[in-house]
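> sequence and predicted structure, then a few things I'm wondering about:
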Amino acid sequence: MSTVHIPNLIGGEEVAGDGLERYNPADPAELVAVAPASGTEAVGAAVTAAAAAQPAWAALPAPARGAILLDAAEILRGRHEEAARDLVREEGKTLPEARGEVRRAIDVLRFFGSEGWRLGGQVLPSSLPDTMVHTRREPLGVAGLITPWNFPIAIPAWKMAPALISGNTVVLKPAELTPLSTRHLTQALVRAGLPAGVLNVVHGTGAVVGEALVCDPRVAAVSFTGSTTVGMRIERTVQERRGRVQVEMGGKNALVVLDDADVEQAARIAVAGGFGLTGQACTASSRVICTPGVHDDFVAALIKEAARFRPGDGLADGTLMGPVVSKQQLATVTAAIERARSEGATFAAGGEAPEELMLAPTVLTGLDRGSAAAREEIFGPVVTVLQAADLEEAIDLVNDSRYGLAAGLCTRNLAAAQRFAAGVRVGVVKVNRPTTGLDLNVPFGGVGDSSSNTFREQGAVAVDFYTWSKSVYLGWNG
Ligand SMILES: NC(=O)c1ccc[n+]([C@@H]2O[C@H](COP(=O)([O-])OP(=O)(O)OC[C@H]3O[C@@H](n4cnc5c(N)ncnc54)[C@H](O)[C@@H]3O)[C@@H](O)[C@H]2O)c1
């Protein structure tokens, strides 16, 4: 396959450059894409273009803005397979996972394109006679979007679509590792007729391009998804300049398996959430908490299921798990595995040195709740199995975390499910379903150090972040 050279997009013009090189994680000899390692002047130019384009974009009727998103969805649908294959070559996930992610981006464009017909405010009674009060949603202006490599087409879609439909213009900084996947999305929007300057894309490092975007006072809103360390810094910086900020960050999501659970089903749920997407999902089940009666049977079933997730090239038939995304990410994951070894973990599965980026699914047992593997996000195919005496102790263990993104429960007991849903301090609860996998029409976000926990992403409420509310009193007669 030939290397794709990806330009920046600034004020409708494509600006070529290089400096960022991305190799296929399953085939280190294949240079998949080259993108510019831009400087701060490119960010300045992109923000200027976005600010200039914003009033005319906001003045378009919302259904007309929506029509462009709907057309973009159709264009991306026509390139679904190509985009999915490029996503596999660039990020490493399996082809079915990549097809699902591209499908998600298409559906997000459709969802928010249709929202153009529904965006509205409230009509309220006034205390005054002959007076009507209504609220209007106003766009914030320029939105700066910073996205990670693990969902490089879906996450930019679920930030851009609500930003654009509500009349904002956008400067997007995609992740360094995955410029090509994001390019499929932005090209679809441009080809659908988005006016020049409404969407701008600046490639580069977080330290240069990301920082410049975050610090630019003309960027009214910053929406970030990525690591907790970076997200917390961005949140502080934008708050200091009184901008609006939304950060979606890491997780240490627990799946609780109770004695009454269907053990085989629980093991399938655990591997889907723990090893699907190579464990590189913010909602990955990286710890499983078992009650004593199910622990040994569950671990045996988990080992059997994990054996199916032998890592391989995501484009090959039957691969259930792709490689780790990069050498740097592999170093982080293997350091966490070695730390667990030094803390006395038993390796129920995995533990061998990886070949290139192909890391075998790893199941750790025998660790206590204070161990690093039980507490810290690893972001790779590593599942730590812990024990709790009963449901209440399991809930306590779920909540004993700086994070609060997702939690799952395997049980046949409805009362236990309801108690769990009420008791856990997380943004998403899944009962008898993997912690990964979200519906696009449902609000998503977490608490604690997982999320700024103010505005939610996804679903119709996502436009709240990108708008402010104005109250209009309309009187007649005297
Ligand atoms: N909560 C969610 O919705 C969600 C979804 C997916 C991934 N994640 C999290 O993302 C992380 C993995 O992604 P990653 O490794 O790409 O994260 P990362 O924080 O390293 O990078 C994310 C983005 O931020 C940029 N960036 C880095 N430093 C910056 C800075 N100083 N200023 C501005 N921007 C900067 C990067 O270039 C990239 O585009 C994991 O922690 C995962 O849990 C969270």
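Nice, thanks for sending it over.
> distance of D27 from S2?
In this view, D27 and S2 are 14 Å apart by CB to CB, to the nearest Å. All C-beta spots, glycine's among them, are computed from the backbone N, C-alpha and C.
> helix or strand for E90, which one?
Secondary-structure assignment from DSSP states H and E places E90 in helix 80-91.
> tell me the pLDDT of V123.
Listed pLDDT for V123 reads 96.
> for the residue nearest to it when sequence neighbours are not counted, name its beta-bridge partners.
Nearest residue to V123 in three dimensions, chain neighbours excluded: H134, at 4.8 Å (CB to CB, 6 or more residues apart in numbering). Assessed by DSSP bridges, H134 has beta-bridge partners V123, V472.
> where does the residue of the stretch 301-450 of the chain found nearest the ligand land in three-state SS?
Nearest residue of the stretch 301-450 of the chain to the ligand, counting by CB to the nearest ligand atom: F379, 5.3 Å away. Put simply, F379 is coil when judged by DSSP: H, G, I helix; E, B strand; the rest coil.
> and it, how many neighbours does it have?
Neighbourhood size, F379 [other CB atoms under 10 Å]: 23.
> tell me the predicted confidence for the nearest residue to it once chain neighbours are set aside.
Closest residue to F379 apart from its sequence neighbours, by CB to CB, 6+ apart: Q280 at 5.6 Å. Q280 carries a pLDDT value of 98.
> was I right to think Q280 contacts P323?
No: counting by CB atoms under 8 Å, no contact exists between Q280 and P323, whose distance comes to 10.1 Å.
> these two: who's more crowded?
Set Q280 next to P323 and count neighbours by other CB under 10 Å: P323 wins out with 28 against 23.
> what sits against that one?
25-26, 92, 278, 311, 313-314, 356-359 (CB atoms under 8 Å, 6 or more residues apart in numbering).
> and with 6 Å instead?
25-26, 92, 311, 357-358 (CB atoms under 6 Å, 6 or more residues apart in numbering).
> just those residues: which are in strands?
Counting by DSSP state E, no part of the contacts of P323 is found in strands.
> may I see those residues arranged in JSON lines, with distance to the ligand, neighbour count and pLDDT as well?
Supplementary listing: the contacts of P323 in JSON lines, determined by distance: CB to the nearest ligand atom, whole Å; neighbours: other CB atoms under 10 Å; pLDDT from 0 to 100:
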{"residue": "P25", "distance to the ligand": "14", "neighbour count": "29", "pLDDT": "98"}
{"residue": "A26", "distance to the ligand": "19", "neighbour count": "21", "pLDDT": "98"}
{"residue": "G92", "distance to the ligand": "13", "neighbour count": "31", "pLDDT": "98"}
{"residue": "P311", "distance to the ligand": "19", "neighbour count": "24", "pLDDT": "97"}
{"residue": "L357", "distance to the ligand": "15", "neighbour count": "20", "pLDDT": "98"}
{"residue": "M358", "distance to the ligand": "20", "neighbour count": "19", "pLDDT": "98"}
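> the nearest residue to S452 once chain neighbours are set aside: neighbouring residues, count only.
Among residues not flanking S452 along the chain, V247 sits closest, at 4.8 Å (CB to CB, 6+ apart). Number of residues near V247 (other CB under 10 Å) recorded here: 27.
> of D27 and S2, give the one with the bigger neighbour count.
Applying other CB under 10 Å to D27 and S2 shows that D27 carries more neighbours, namely 14 against 7.
> what distance do you get for the more buried one to the ligand?
To the ligand, D27 is 21 Å away according to CB to the nearest ligand atom, to the nearest Å.
> phi, psi of the nearest residue to that residue once chain neighbours are set aside?
Sequence neighbours aside, D313 is the residue nearest to D27 in space, at 7.2 Å (criterion: CB to CB, 6+ apart). Main-chain torsions, D313, degrees, to the nearest 10: phi -60, psi 130.
> was I right about D313 contacting A26?
Yes: using CB atoms under 6 Å, D313 is in contact with A26, at 4.0 Å.
> tell me the contacts of V4?
For V4, the contacting residues are 33, 180, by CB under 6 Å, 6+ apart.
> pull up the residues of the stretch 51-200 of the chain that are close to the ligand.
146-151, 173, 175-176 (CB under 6 Å from any ligand atom).
> what would these look like in CSV with neighbour count?
Listed next are those as CSV, based on neighbours: other CB atoms under 10 Å:
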residue, neighbour count
I146, 27
T147, 26
P148, 22
W149, 23
N150, 25
F151, 26
K173, 29
A175, 26
E176, 20
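> which of those residues sits closest to L397?
Lowest distance from L397 to those (CB to CB) belongs to N150, with 25.9 Å.
> rewinding a little: need the overlap of contacts for D313 and A26.
Common contacts of D313 and A26, defined by CB under 6 Å, 6+ apart, are absent altogether.
> what about P195, distance to L213?
Plainly put, P195 is 21 Å away from L213 if you go by CB to CB.
> out of the two, which sits in the busier spot?
Between P195 and L213, counted using other CB under 10 Å, the more crowded position is L213 (28 against 14).
> pretty sure the more buried one contacts V142?
No: in this structure L213 lies outside contact range of V142 using CB under 6 Å: 9.6 Å.
> rewinding a little: the residue nearest to F379 against W149, yeah?
No: in this structure, Q280 is not within contact of W149 by CB under 6 Å, at 8.5 Å.
> near the ligand, which residues of the stretch 301-450 of the chain show up?
The stretch 301-450 of the chain comes close to the ligand at residues 377, 379, 405, 450, as judged by CB under 6 Å from any ligand atom.
> identify the residue nearest the last one in space, chain neighbours excluded?
The spatially closest residue to S450, leaving aside those adjacent along the chain, is L405, at 4.0 Å (CB to CB, 6+ apart).
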